[in-house]
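Peer 1: Model the following, please.
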Amino acid sequence: MRRVLFPVLVVLALALSLAGCGRAQGPQWGNLNLTLEDVQQNENHWTARMVLSNPTDKVQVIEYTADARYTMIVTRNGQTVLEQPFDILRDGDPRILNLSPGVSKEYVVAWTYRNKEGERVEPGTYEVSVRLDAVTVVQEAGKTQPTVIEPRTVGPVKVQVQ
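Peer 2: You can find the predicted model right below:
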């Protein structure tokens, strides 16, 4: 019985871990939480708020790594329809954000159902994701150097365009 049971448990554990690979990630991003909230849609546009919050009792720091603070990505059938940067950083704009304990930072995003050429997209189902173009760090127990946490994407959210 043991000879059969052990390999079955190993295969089952492997299958469960692989099944979770394609699923949406939870809200945790390093020591911070990153969520997509207040998703709304009408015949003219889709809107949402990406919310970065600090649930810890210490100041958390992020550093913006691109020319924009965040980017919306719209896809259909795995093909990118639109990649739209938001909140473009200009010379002299701070690239560091110190987020105090219990504080949140909101990033508003909107899609007017246009593709990268500026044309209205065809009716159908699209997926919208939003990437925070920043990194943060966490200090892990037993390590002398902090670990860099790469930019995070929230979504996708399915959007039905009429």
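
Peer 1: what about the protein, any weak spots by pLDDT?
Peer 2: Residue ranges of the chain with pLDDT under 70: 1-25.

Peer 1: all helices of it, in order?
Peer 2: Ranges of helices in the chain, per DSSP state H, are 2-19.

Peer 1: could you list every residue that touches residue 67?
Peer 2: The contact partners of residue 67, taken as CB atoms under 8 Å, 6 or more residues apart in numbering, are 85, 88-89. (C-beta placed from N, C-alpha, C; glycine too.)

Peer 1: these two touch, right, residue 99 and residue 56?
Peer 2: No - using CB atoms under 8 Å, residue 99 is not in contact with residue 56, being 9.2 Å away.

Peer 1: out of those two, which sits in the busier spot?
Peer 2: residue 99 (20 against 15; other CB atoms under 10 Å).

Peer 1: what about the closest residue to that one other than its chain neighbours, how many neighbours?
Peer 2: Nearest-residue entry for residue 99: residue 54, 4.4 Å, with adjacent residues in sequence omitted and distances by CB to CB, 6 or more residues apart in numbering. Number of residues near residue 54 (other CB under 10 Å) recorded here: 21.

Peer 1: do the same with residue 119
Peer 2: 9.

Peer 1: Tell me how far it lies from residue 113.
Peer 2: 10 Å (CB to CB, to the nearest Å).
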